[in-house]
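Colleague: Fold the following, please.
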Amino acid sequence: MDSSDDSRLLENQKGKRSNGGHQTALSVSSHHAQVLLRGIPLGYIDRTGHLSVWNASKLITETISIMNQRGFYHNKDVGNETRRLFLGRQKLVFSPRLHSDISKIMDTNILVNATPGKVGKSSKTMNMKITDESGVMLIKGTFTAILFDTETKRAVPFPKWYVEKFNSTLSYDDNGHIQAKNDVPSYAYKTQLKVRHSDMDSNMHVSNTEYLRYCMETATDASLSGYYNKYRRDMCWYPLLELDISYLAESRAGEMLDIYTWQDQNDIHFIYFAIHRDGTAIAVAAFEFGFDEVTSSNL
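Modeller: Numbering: from 1, shown residues only. Coordinates of the predicted model:
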């Protein structure tokens, strides 16, 4: 589907609503999904007047849920009561316009397109592109999901029919150039937090989006304390250009987490995070920040 087709779909959908929500599935098949977002809800805007990264991720998660309910990638068919798909990694590249022009973007139609990526033995990828109503890219995303047995606590292989159905789809569309790191340097900045009950998702684990919030909260603590080079304000004021986060294990309400952050010694725009529980990493991430609202990105 080209940009002219997208524009016609957006024009046809203007003024229409589906079940009173701000998201409408325009077309969904096993190999492609397209969802219309009627702007960005005001509640997703952070304390600085910008779209927070954790709410951007939440918006994506909600959109993927709509796609899955309608048969995209056969995500509903591949699991059962004990075998479920869990997000293992997400890489997002953001247009600086999401930071500088959010007051305009939040009131416009936004189009989300998703396609299958690469299916392996027990993991698979998905590609996503989010554009404004004129077709200008806002976010590019690649996501890795793992089929997991909740009883054995191990990854399990996809059914043969599933691998065969998607073995000729698109390969992994990696648009990013940063990568999370597992090794925490001795000079890393450290904070601690106690997981709240409100941080849980329906699986009674910390929501994927909350880990991004933990990273941003820690980054702001570090920045305001003078730990980072050049960054001295609440980190929500700076444009986030790219992120890479890997989810390694689960955490639950009441647990204490240690969150580490440090800055790349060669490129100060790159800031890393590691979230530990009892000395073991449960998530690692890398963020690329800009300094102002005209910073360039990969989009």
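
Colleague: just checking, next helix/strand downstream of the helix or strand where Trp54 lies?
Modeller: Under the criterion of DSSP states H and E, Trp54 resides in helix 53-69. Using DSSP H and E, the helix or strand that follows helix 53-69 in sequence is strand 83-94.

Colleague: what does that following strand contact?
Modeller: Contacts to strand 83-94, defined as CB atoms under 8 Å, 6 or more residues apart in numbering, come from residues 56-57, 60, 75, 78-79, 123, 138-150, 156, 174-176, 203, 208, 239-247, 297-299. Just so you know, the C-beta spots here come from the backbone N, C-alpha and C atoms, and that holds for glycine as well.

Colleague: again with stretch 59-66
Modeller: Residues outside stretch 59-66 that contact it (CB under 8 Å, 6+ apart) are 23, 25, 35, 37, 40, 44, 92, 112, 114, 126, 128, 130, 139, 141, 143, 208-209.

Colleague: Could you list which of those belong to helices?
Modeller: If you go by DSSP state H, those have 208-209 in helices.

Colleague: What's the PyMOL line that selects buried ones from the contacts of stretch 59-66?
Modeller: One line in PyMOL is enough to select the buried ones among the contacts of stretch 59-66; burial here means 16 or more other CB atoms under 10 Å:
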select buried, resi 23+25+35+37+40+44+92+112+114+126+128+130+139+141+143+208+209
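
Colleague: For the contacts of strand 83-94, which ChimeraX command selects only the ones that are buried?
Modeller: Buried residues within the contacts of strand 83-94, by 16+ other CB under 10 Å, are selected in ChimeraX with:
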select :56,57,60,75,78,79,123,138,139,140,141,142,143,144,145,146,147,148,175,176,208,239,240,241,242,243,244,245,246,247,297,299
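
Colleague: low-scoring pLDDT stretches of the stretch 1-150 of the chain, where are they?
Modeller: The model of the stretch 1-150 of the chain has pLDDT under 70 over residues 1-21.

Colleague: Show me where it has its strands.
Modeller: Remark: strands assigned in the stretch 1-150 of the chain by DSSP state E, counting those that start in this stretch are 23-28, 33-38, 83-94, 109-119, 123-132, 137-149.

Colleague: domains in this protein, as residue ranges please.
Modeller: 1-175, 176-299 (automatic domain parsing).

Colleague: From Gly71, how far out is the spatially most central residue of the chain?
Modeller: Central residue of the chain (CA atoms, centre = their mean): Ser57, 4.0 Å from the mean position. Computed as CB to CB, to the nearest Å, the Ser57 to Gly71 distance reads 23 Å.

Colleague: Nearest residue to Tyr211 in space, please, no chain neighbours.
Modeller: Leaving aside its chain neighbours, Tyr211 sits nearest to Ala283 (4.8 Å; criterion: CB to CB, 6 or more residues apart in numbering).

Colleague: need the contact list for the one you found.
Modeller: Ala283 makes contacts with 211, 245-249, 273-275, as judged by CB under 8 Å, 6+ apart.
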